[in-house]
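1. Provided below are the primary sequence and the corresponding predicted coordinates.
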Amino acid sequence: MAAGRLDASALRKWAHTAVGDLIAHTDEINRLNVFPVPDADTGTNMLFTMRSAWAQVDAQPAGDVAQVAAALAAGALQGARGNSGVILSQILLAVAEVVASAAAQRDGDLYDIDGVLYGAALRHAVALVVASMGEPVPGTIVSVLQAAAGAAEHCAADGAELGAVTVAAADAAAAALDQTPHQLDVLAEAGVVDSGGRGLLVLLDAMASTIAGHTARRPTYQPSAGPALPAAGTSAPPQFEVMYLLSGCGADAVEGLRAALDQLGESVTIATSGSNEFSVHVHVDDAGAAVEAGLAVGTPSRIQITALLGGPDTRPAGGWAKARAVLAVVDGDGGAELFAGEGAAVLRPADGEAISAKQLLRALVDAGAAQVMVLPNGYVAAEELVAGCTAAIGWGIDVVPVPTGSMVQGLAALAVHDGDRQAVDDGYTMARAAAGARHGSVRVATEEALTWAGTCKPGDGLGIAGDEVLIVGPDVTTAAAGLIDLLLLAGGELITVLTGDGVAPDVGKALQEHVHREHLGAELVTYHTGHRGDALLIGVE
């Protein structure tokens, strides 16, 4: 990624950053949500829409900036959640359409988005969002988007570099956001700025950070008054949010559908994908009638009907993608493949860095499940594990941390996982399996030292169980054989050996021969995980 350029790599990086920043700000955005329905889910909906956009990009091979933009738009439309998610899909579609048009004019020879194109994309986004909403309401995300587009266009027209353009757009959006309570009475009554506008500011700040390397410090936006309540004598808000994708119809039919939905409910948004497919959103009392209105003009799919309870629940509007998942913290390419092959989502520590609570929270959200069994495998400090899991519980995820101190214990727990059992039963069974897997490790001594097993010198193999060195051998294989002998003193039939980065294949073969010779009836299996640190991880069940 070139500094200050919005090329394919930078656009990917922005999408990844935007997801992380929305995770950090989702609760704040949700607390601001009083319009059009005070259902406290704007931040959640924008996050899950952006996650869907990022997943689409992450799943495809590397492409040019136009292909990345198109993938973001497609993923957002397919995964749009709530009114704010549909609007976000139109903003990403605007970027894709402007970039595609510029690429076509240059015979496909477009490598990055400059300041002029960035301003044009934001201006086109205003048009698409207004078209999807019908009649725009001042003091909403549209007002914030208009301010950002105007600032970007003005700055780019003056010849500014892209970094300055992105900063100008974000700062103008922040100023417009501060004005939203003066434009919309319901915001003023609740003492909040517009929640969708706040979410948009997060995305614009993420872009400024990606391109310019910095952005202004924003205040924490929070209500300065109690929640806005319906005035006496006014009707109750609609009971249901209905969303679906609609295909097989033209623009005239869509306008007819908009009129029909306006009669049925409120907060109608119909967003285009740029092709013959539309994302439909409405709040109604009669959910069936809203779906039937779509059937009358086209073919609805991916139908989502959600009760508008108006509470602070942070679960995604369409429900989690699956009931239960297992998240395993692992190291090494082979380790990731091994656990993923057994059906687990994986989180890997960066080079030399410990897993933080924020990283854990993101992985828990990305698992996309209502219940997540966590296998820390010795790679997450206790305080970070508790903090990350507690934050995820606040998101409405039922988290069950399973006490696994090594990847070999994690494999034992994963082997007995059963998503059809109740979570408490599944967690207890996995914890028992992990506890029943006695484990140790072998590492290479780096200096001369005195251990419980005697003096070691650099290059010796050290067999470790718990925090103690129990075996000192002239090499890794000898130390591992001695450690296996000790672990089998209390019985066992299956020995699992995970070999780390740089360990030769003949180590596993030598240990298999040792077990076959010394421990009849026991079986040893070896996997090359490529983990760092210890040369071998050994478990006995």
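-> Noted; the coordinates are in hand. Numbering: from 1, shown residues only.

2. so who does the residue nearest in space to the middle of the chain touch?
-> Nearest to the geometric centre of the chain sits residue 366, at 3.8 Å (C-alpha atoms, centre = their mean). Applying C-beta atoms under 8 Å, 6 or more residues apart in numbering to residue 366 gives the contacts 51, 345. (C-beta placed from N, C-alpha, C; glycine too.)

3. double-check that residue 440 belongs to a strand.
-> Yes. According to DSSP: H, G, I helix; E, B strand; the rest coil, residue 440 belongs to a strand.

4. what bridges to it?
-> When bridges are called by DSSP bridges, residue 440 pairs up with residue 538.

5. mind listing what residue 516 touches?
-> residue 524.

6. immediately after the helix or strand harbouring it, which helix or strand?
-> Counting by DSSP states H and E, the element that carries residue 516 is helix 505-518. Next helix or strand after helix 505-518 toward the C-terminus (DSSP H and E): strand 523-528.

7. hang on, the earlier thing: so the helix holding residue 516 versus strand 523-528, what angle?
-> Between helix 505-518 and strand 523-528, the angle comes out at 170 degrees (axes from the mean of the first three to the mean of the last three C-alpha atoms, to 10 degrees).

8. in helix 505-518, which of the residues would be classed as buried?
-> Judged by neighbour count using 16 or more other C-beta atoms under 10 Å, the buried positions of helix 505-518 are 507-508, 510-512, 514-515.

9. for residue 54, state which of the residues you listed is nearest.
-> residue 508 (38.1 Å; C-beta to C-beta).

10. check what pLDDT the closest one gets.
-> Residue 508 is assigned 88 on the pLDDT scale.

11. show me what contacts the residue nearest to residue 402 when sequence neighbours are not counted?
-> Distances taken as C-beta to C-beta, 6 or more residues apart in numbering place residue 430 nearest to residue 402, at 4.8 Å, with adjacent residues excluded. Neighbour list for residue 430: 373, 402, 413-414, 416-417 [criterion: C-beta under 8 Å, 6+ apart].

12. also residue 261?
-> 268, 270, 280, 282, 284, 290, 293.

13. so which of these sit within helices?
-> Per DSSP state H, helices hold the following members of the contacts of residue 261: 290, 293.

14. and the helix or strand harbouring the residue nearest to residue 402, which residues are buried?
-> Here residue 430 sits within helix 423-435, counting by DSSP H and E. Along helix 423-435, these residues count as buried under the neighbour rule (16+ other C-beta under 10 Å): 423, 426-427, 429-431, 433-434.

15. what do you get for stretch 26-45?
-> Within stretch 26-45, the residues that count as buried by 16+ other C-beta under 10 Å are 26-45.

16. now stretch 322-330
-> Applying 16+ other C-beta under 10 Å to stretch 322-330 flags 324-330 as buried.

17. neighbours around the nearest residue to residue 250 once chain neighbours are set aside, how many?
-> Nearest-residue entry for residue 250: residue 276, 7.8 Å, with adjacent residues in sequence omitted and distances by C-beta to C-beta, 6+ apart. When counting by other C-beta atoms under 10 Å, one arrives at 13 neighbours for residue 276.

18. for residue 276, give its distance to residue 247.
-> 6 Å (C-beta to C-beta, to the nearest Å).

19. with residue 208 instead?
-> Spatial separation of residue 208 from residue 247 under the definition C-beta to C-beta is 37 Å.

20. those two - which one has more neighbours?
-> Neighbours per residue (other C-beta under 10 Å) separate residue 208 from residue 247, with residue 208 holding more: 23 against 13.

21. for that one, give me its contacts.
-> Contacts of residue 208 (C-beta under 8 Å, 6+ apart): 163, 166-167, 169-170, 214-215.

22. so residue 462 sits against residue 445, correct?
-> Yes. Contact criterion C-beta atoms under 8 Å: residue 462 and residue 445 qualify, at 5.5 Å.

23. overlap in contacts, these two.
-> In contact with both residue 462 and residue 445: 456, 472, using C-beta under 8 Å, 6+ apart.

24. neighbour-wise, which of those two wins?
-> Comparing residue 462 with residue 445 by other C-beta under 10 Å, the one with more neighbours is residue 462, at 24 against 19.

25. next, the closest residue to residue 523 other than its chain neighbours: phi, psi?
-> Closest residue in space to residue 523, ignoring its immediate chain neighbours: residue 494 at 5.5 Å, by C-beta to C-beta, 6+ apart. In terms of degrees, to the nearest 10, the main-chain angles of residue 494 are phi -130, psi 120.
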